[in-house]
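# one predicted model, sequence on top.
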Amino acid sequence: MGTNEDTADARTALLVREAMDRATAELPALMDLAGPARAEGRRRKARVRVAIGAGVLAVATLGAVTASLLPGSGSQGPVEVVVAAPPSPSAPPPQPLHIEPTPGESSMADLPAGERTRQENFQDRAVGVLQSLLPATVGTVQRTDLKVNFYRATKDGKAFPLIFSVRPSSEQPQPCQEVRGRVCAKATLPGGIEAHASTIPTGNGAVNETEVSFRYGTCNVRLSVLPHEASNTSSPVSPAQLLEVAKAPAFLDLVRTAQAQPMEEEQRSIPGG
């Protein structure tokens, strides 16, 4: 007794043969031509048979694959057909925000070309990480062309200055102290690093800034989201949310990069300051 596979092969061959016969039968009969014309007619008929046969074979093969997926087909397992989707182009980072420096203040435009490119590349990477980790309440994160550590988040027309600093320093950052309305929280980051987060009243105390800070290697790290003072809107991020950002591997990778290749000048204490 033949197998299901033998039966399918025989059915496929029959379909191909019948289709080729029908197709070539519809062609006009060959005239009694001599020489090259008669040969060309035969070649034309052969080409039609081959083309029709290939098409029917493809349809029959697809039918056989489909049948093998049906219950009771005797297939040993499902046949998985994977169609690869074309890769979607990655969205370019938002354009930098131009901030005019105050008289006597330098900006990234004053840097050597190579150093400026290095800092801009880091900023673009930081924008992507911060946008993915900060809550949606901050809106769209942009880098600025003023300082490598200065960014801006915009939501519903309100701009919240954002500072992400990884600055070399020989001094440890000061732990958070709950004075003058400041509210503190802390958490342990991967590697046993202790991070401090806080809510800080600013201006007349009507609005708050939020901040997280910690020591990483030879650098003091700070991530702050400032209020939108024009509308008396406090920072849209809580200290607990900033601690979650600080714990994220992608954020710590940014910190590690900036610590290994510093982009900010070393912080030095001022005697009596």
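Received the coordinates, thanks.
# so residue 229 sits right up against residue 206, yeah?
No: if you go by C-beta atoms under 8 Å, residue 229 and residue 206 don't touch, sitting 9.1 Å apart. In short, each C-beta sits where N, CA and C put it, glycine included.
# those two - which one has more neighbours?
residue 229 (16 against 12; other C-beta atoms under 10 Å).
# gap between that one and residue 238?
19 Å (C-beta to C-beta, to the nearest Å).
# buried residues of the helix or strand where residue 154 lies, list them for me.
Using DSSP states H and E, residue 154 maps to strand 150-155. Under the neighbour-count criterion of 16 or more other C-beta atoms under 10 Å, strand 150-155 has 150, 151, 152, 153, 154 buried.
# now do the helices in the stretch 151-273 of the chain.
Here the stretch 151-273 of the chain has its helices, by DSSP state H, counting those that start in this stretch, at 239-247, 249-260.
# among these, which is the most enclosed?
Comparing those by mean neighbour count (mean count of other C-beta atoms under 10 Å), helix 239-247 ranks first with a mean of 20.
# for that one, packing partners?
Helices and strands touching helix 239-247, by 3 or more C-beta pairs under 8 Å, 6 or more residues apart in numbering; DSSP states H and E, are helix 113-133, strand 183-189, strand 193-202, strand 207-216, strand 219-225.
# just the buried residues of the longest one, please?
Pointing back at helix 113-133 there. Buried, per 16+ other C-beta under 10 Å, within helix 113-133: 116, 119-120, 122-123, 125-131, 133.
# now, which of those sits nearest residue 244?
Among the buried residues of helix 113-133, residue 133 lies closest to residue 244 (C-beta to C-beta), at 7.7 Å.
# residue 211 against residue 198, yeah?
Yes: counting by C-beta under 8 Å, residue 198 is a contact partner of residue 211 at 5.6 Å.
# joint contacts of those two?
Common contacts of residue 211 and residue 198 (C-beta atoms under 8 Å, 6 or more residues apart in numbering): residue 239.
# what's the neighbour count on the nearest residue to residue 225 once chain neighbours are set aside?
Nearest residue to residue 225 in three dimensions, chain neighbours excluded: residue 235, at 4.3 Å (C-beta to C-beta, 6 or more residues apart in numbering). Neighbourhood size, residue 235 [other C-beta under 10 Å]: 27.
# and if you look at residue 238?
Look at residue 238: counted by other C-beta under 10 Å, it has 17 neighbours.
# which residue is the nearest non-sequential neighbour of it?
residue 210 is the one closest to residue 238 (C-beta to C-beta, 6+ apart), at 6.5 Å.
# surely the one you found meets residue 242?
Yes: under the criterion of C-beta under 8 Å, residue 210 makes contact with residue 242 at 5.9 Å.
# what touches both of the two?
In contact with both residue 210 and residue 242: 197, 225, using C-beta under 8 Å, 6+ apart.
# re earlier: residue 209 is in contact with the residue nearest to residue 225, correct?
Yes: proximity of residue 235 to residue 209 meets the contact threshold set by C-beta under 8 Å, at 5.5 Å.
# between those two, what contacts are shared?
Jointly contacting residue 235 and residue 209 under the rule C-beta under 8 Å, 6+ apart are 199, 225, 226, 227.
# my read: residue 255 touches residue 223, true?
No: judged on C-beta under 8 Å, residue 255 makes no contact with residue 223 at a distance of 9.5 Å.
# can you pull the pLDDT of residue 172?
At residue 172, the model reports a pLDDT of 88.
# and it, how far from residue 219?
From residue 172 across to residue 219, the span is 11 Å (C-beta to C-beta).
# cool, and residue 235?
Separation of residue 235 from residue 219 (C-beta to C-beta): 23 Å.
# same check on residue 247?
Applying C-beta to C-beta, the value for residue 247 to residue 219 is 17 Å.
# residue 197 too?
Distance from residue 197 to residue 219, by C-beta to C-beta: 18 Å.
# higher neighbour count, these two?
Each of residue 197 and residue 219 has its neighbours counted (other C-beta under 10 Å); residue 197 has more, 26 against 23.
# that one is in contact with residue 185, isn't it?
Yes: applying C-beta under 8 Å as the test, residue 197 and residue 185 come out as touching, 4.8 Å apart.
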